[in-house]
Each structure stands twice: as C-alpha cells, then as structure tokens.
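Student: Prediction below, plus the sequence it came from.
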Amino acid sequence: MLCKGMPGSLRPVPKTLILVLVLLCQCLGAQAFSQEPTKTSQEVQALVERAARMDVTRPPRETLAYLDSIQDDLAEATPQQLTQLLLVSARSHVLMTEYDTALEILEDLLAGDLVAEQQLRALELAANVALHIDRFEEGFDYLNRAMILQEGVDDPALKSGVYGLATYWHSQLGDQRKGLDYAQRTMELARASGDIRELCVAFEKLGQAEEMMGLHEQALKSYQSALEACEEAQDPVFTGVLHVLMGRLLSRLGRHDDSEPWFQQGIELTAASGFEDGVTDAMTTYAELLLMLERYDEANALLQEVLERTSSGGRPQNRADAHHMLAQISHHAEDYRGAWDHIVEYLRDREREFDVKRTKVIAFQEVQFDLHSREQEIKLLREQARVSNLQETTRRQQRLFQLIALGMAALILTLLLAILLRTLRERRHFRHMSAHDGLTGMLNHSHFIDATKEQVRDAAVRGRNLVLLLADIDHFKQFNDQHGHQAGDEVLRKAASRFKEILSQYGTVGRVGGEEFAACLPGLDTDRATMLAGEVRDALRTCRLSDIEDTVTMSFGIARLRPSDQFESLRARADAALYQAKHDGRDRLVVADSPA
C-alpha cells in the first residue's frame, strides 16, 4: 500500500526512484513476515526530523548513508514523510553535483499529488538545480510556478527560500534593483519565520544583491551577519560559501591580505561539507587573487586541481575560467604553446556546448518526424512543415555559430592584444625599476649621475645657476647596529620621503649611496638651496619612528656651479663641504667655498 501511495507512481519512474521504491517494497514485504515490531508514527517522525537536520548540518554522503540505513524502519511512514525524505535525498545529490539524479527525484515528486508546502519546496529545489545546469527554460518555469504557489502558502520560511532564489537570478541577469527588492523581502520573511538558518540564507542573498549593486560596505556587513547566523545554525555548506564570498568582497575592496585567509578557510570548509561545486568555486576565485598578486605557482596548482575536479562534472564555467587563467600563467612563463593550448580548450568547451544542444534538438525533431511519418497525409504534411521549420532553425543556428566563431576570434585577438599591452606595461615597469632605488623610489646612483651631468652641461651653456646638494644621515651605521635593519630601512624611507617632498619640485633627487642622498637644483642659488635644506632638517627633527625615541638628523654639503666647473669638480666641492659638515659635528649644513 505504501508503494502505491508514493508520489508519481502513476507515471514512468526514473531508474533511481525505481530502485528506491523496490527497496522500500522489499523492506515492507520483509517486515510483513518478520517478528520485529515496526516503528511507531512518533518514532518515524523522529527519523524524518533527524534526516532534515542532517540535510543542513552534515555532509551529503553521510546524509544519504543515513537514509539508506532507515529504510527498514519506514513501514508506518506517511506519504508526506516519504516525500520529505526524498526532498532531503534530492538536495544531497545536488551538493554532490549529481544533478540529473536530483532532477529525476524532483520531477517524479512534482508529477504526484503533493501538499502545497512540499510542492513549493520541490519547485524551489528543481528551479535551483535546472538553472544551475543551464536548463533555463525549465528552471524559470519551475521558479515562476513557485512564485505563484507561494502566495497561497503561510510558512514564511518556505516563502523566504523562493524569494531568495528569485533574488539571486534577477541580480545575475542584470536586474539588480529588483534583485535587491527581492532580497529585502527575503529578509522580512526570514525574520518572520524565526528560523536561524533562514536568516543565514537571507543575509547571504542580501549580501550578494548588495555586492552586485556596488554597495560593498553594506554587503560586507550582510555577509558577516550571515556568517554568524550560519554558524549558529551549524550549516557547513553556507558557512563555507560565506567564507569564499567574504574573501571575494575583501579582494574587490583591495584588502588582499585580509581576503586570503577567508579563501583558504572557505576551500577547507566547503570541502569538508561535501559541496563539490563550492570547492571549485572557491578555488577558482582564490586563483584569481593569486594571479593578481603574481603568485603564479600557487595559482597554477589550484587551477590544475579545478581541472581535475571538473573533469567528469561540476560547473563548466569553473573549468573554462581555469583554462583562461592557466593561459595567462603559461604566457607569463613564456610558455606560449601552453597558453595557446589552454585558450583552445577554453574555446572548445564553449563550442562543444553549442554542438551538443543543436544535436539534441535535431535528434528530437527527427524522432518526432519518424513517429508520425506513417500517419495520414495531413500529418505527414505537418511533419514536413516542421522539418522545414527545423531546417530554418538550423540555418539560423549555423549563422549564430558563425557569429559565435567570429566572436571567439575577436576574443582571441583581444586576449593577444591584452597580453601585448601587459608585456609593454611590464617593460615600462622594469625600466622604471632599473632606474629607481627599490627601497625609497628615488633615482638610483647611476641614473641620478647621468641626469645631473646633462643638467650641468645645460646650465653651463645657458649660464644659469645650478646647485648640487649632498646629504648624509648621521650615525646611520650605529643606528642600524643598535636597532636592526628593519628600523634602518624605515629611517631611509622616511628620510627619503622628506627629501623628495621638499626638493623634488625644484630639480632631480636620488639615493647615491647607502645612507647618502643628492639633489641637483637648476635655477637656484646657494641661499635658496640652504633654505630648502633647512626645511629638510626641520622636517626630520619632527619625524618619529615606531617604538624608537632617537631623532634622525642629516648633514648637508652644498656647492654652486662655477663657469669653469665640470660635473666631477662640482661634485668634489659638494662632497668636501659634506665632509666638513660631518667633521664639524654633524647635523649641520656647509656651503662650499663660503667664508668660515
């Protein structure tokens, strides 16, 4: 009797459900001849409630194993209880990326006679699965039916789930405003339900809608609230997903150091929860951050694992994105053949998807034609008209595929152009690095000397003033020995910062030695240069280092260009003035050839 009462038993049943029904009938038949007492209705309800809790808090494989273990105890189960267990089973298969199995279970349930609440849950789950695997026509049909049905359901938790799904897809398809409106409605329903897990999901959907609207700070708060609710609800799937979302949002905000631990924990948590697509989502998003940080080896290892995990299922988009990023990594390693191979795989995945869809449509129409071709002449004519329409559809699809091919070619050209532009930027970067000191950002010794020589020649030809200023940090070696190299580097950076801030607007500045700086100041006389050097000294006296009370001082030597000077003689006089400043007690300024 229970087997007859299963939902959808009057229609062709998928193989997975045939197995479930056969096992259930077997267990009931065995119990009819067994002396063991059957479970009471209260005990069966306790089993169903435990399965529902495990659906949220335990990995899917563990949940399915539990469902198998209680089959012998379901003799007194009602159709509603059996439906609830099948809904739990369907969700577990979804989390394990067994989407076809999940849809078979849900389609069979929806073909049966369900109470409104269970029908709404089945429609929501079926919509989620169908949309997830790009069966959009079915998915949006299920979602539309769910939106209509929820108006007659009183349970705010179930209504919240439907609005949450509508939130996500409206945001994804470009209607962010409506997505945000639905997200706020989802929050109202979740709060009305009093269910902490519904709040977990509602905050997550609200955060995603806010992030799509560019409301990043609000989204960050929503994700944090969602994480607190999900941890309280002991939902490992959403807890893991929220770690990944936090990492993604922090990365978009430029907080890369903060985002990385969230990605790492997100990968670990989604893997532990058994949510396979969540794992590859997390790995792919984390790899984007690693690629941006130029940590190519780590990104490569993650992306190779994404390819391995998606080799027999999962999100096609993750696999395509992995090939796209691996192409960039190969290009950076100057493995242009590898980069090309990954781009080809990326395009091949897209082309294969279009070919499969076209083949399925044509095969279905051909079968329909063959079934009706032997009927009356009027039906044959109708089928011929259908074939004609199919041919026209095929021609349109071929034109579409040609456009897609052109688009792919444009994409490849764009990618190559992007690679070329990146290479040019890198060359400019390397040229900049070769001319500048890595610690202070100032011109290094050789480039400062070259630039100064040119300015000295120009000033000599034009008969213009020019001053060369040399400066040296006092007692730097002792400071370095006493406080360590990190403190010494901080001194150099801050001294360079003050030096550049005051002098760079008047000429060329550079770091010409370990703790020695220089400035070539065309158009200035020694009085003006002395005044500027005094400003640098004053700025250094107010400069404070973290946890160190010592004051940083500098000694200065200044020399003005003479008509007979070459660069070497000018530098020698400035250097002699600097030496004199050091000799006279440091923290002072000496002008070359000035009266004592």
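Tutor: On my side now, so go ahead.
Student: Go ahead and confirm Ala559 touches Ala577.
Tutor: Yes: using C-beta atoms under 8 Å, Ala559 is in contact with Ala577, at 6.0 Å. (Glycine included, C-beta is placed from N, CA and C.)
Student: Would you mind telling me which of these two has the busier surroundings?
Tutor: Neighbour count, other C-beta atoms under 10 Å: between Ala559 and Ala577, Ala559 has more, with 28 against 24.
Student: Which residue ranges of the stretch 1-150 of the chain form helices?
Tutor: Taking DSSP state H, counting those that start in this stretch, the helices of the stretch 1-150 of the chain run over residues 2-5, 15-32, 41-57, 60-69, 79-95, 99-111, 116-132, 136-150.
Student: check contacts around Ala202.
Tutor: 160, 164, 183, 186-187, 189-191, 226 (C-beta atoms under 8 Å, 6 or more residues apart in numbering).
Student: whoops, I mixed them up, Gly179
Tutor: Taking C-beta under 8 Å, 6+ apart as the criterion, Gly179 is in contact with 166-172, 209, 212.
Student: picking up where we left off before, shared neighbours, Ala559 and Ala577?
Tutor: 591-592.
Student: thinking again about what came up before, out of the helices of the stretch 1-150 of the chain, flag the one nearest Asp195.
Tutor: Among the helices of the stretch 1-150 of the chain, the nearest to Asp195 by C-beta to C-beta is helix 41-57 (10.4 Å).
Student: hey, where'd the strands end up in the stretch 301-450 of the chain?
Tutor: Assigned by DSSP state E, counting those that start in this stretch, the stretch 301-450 of the chain shows no strands.
Student: Pull the distance from stretch 484-497 to the chain's centre.
Tutor: Averaging C-alpha positions (C-alpha atoms, centre = their mean, to the nearest Å) puts stretch 484-497 36 Å from its chain's average.
Student: brain fart, stretch 159-176
Tutor: The answer for stretch 159-176 is 20 Å, by C-alpha atoms, centre = their mean.
Student: Tell me which residues of it come out buried.
Tutor: With burial defined by 16 or more other C-beta atoms under 10 Å, the residues of stretch 159-176 counted as buried are 159-171, 176.
Student: Out of these, which comes closest to Ala322?
Tutor: Among the buried residues of stretch 159-176, Tyr168 lies closest to Ala322 (C-beta to C-beta), at 23.0 Å.
Student: Pretty sure that closest one sits against Glu211.
Tutor: No: between Tyr168 and Glu211 there is no contact under C-beta under 8 Å: 11.6 Å.
Student: Show me the domain layout of this structure.
Tutor: 1-153, 235-333, 351-434, 445-591 (automatic domain parsing).
Student: Out of these, which one sits most buried?
Tutor: Stretch with highest mean neighbour count among the domains of the chain: domain 235-333 (a mean of 20; mean count of other C-beta atoms under 10 Å).
Student: and it, average pLDDT?
Tutor: Confidence for domain 235-333, expressed as mean pLDDT, is 87.
Student: Any regions of the stretch 51-200 of the chain where pLDDT drops low?
Tutor: Low-confidence segments of the stretch 51-200 of the chain, defined by pLDDT under 70: 173.
Student: one step back: looking at the domains of the chain, which is nearest to Glu204?
Tutor: The closest of the domains of the chain to Glu204 is domain 235-333. By C-beta to C-beta, the value is 6.0 Å.
Student: In strands, which of the buried residues of stretch 159-176 appear?
Tutor: If you go by DSSP state E, these have nothing in strands.
Student: Looking at the protein, which helix is longest?
Tutor: Scanning the chain for the helix with the most residues, using DSSP state H, yields helix 377-435.
Student: thinking again about what came up before, farthest-apart pair in the contacts of Gly179, please.
Tutor: So, the contacts of Gly179 by C-beta to C-beta: farthest apart are Ala166 and Met212, at 13.8 Å.
Student: picking that back up, how about the contacts of Gly179 in a markdown table, adding distance to Ala322?
Tutor: Below are the contacts of Gly179 laid out as a markdown table (distance: C-beta to C-beta, whole Å):
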| residue | distance to Ala322 |
| --- | --- |
| Ala166 | 30 |
| Thr167 | 28 |
| Tyr168 | 23 |
| Trp169 | 24 |
| His170 | 28 |
| Ser171 | 24 |
| Gln172 | 20 |
| Ala209 | 27 |
| Met212 | 23 |
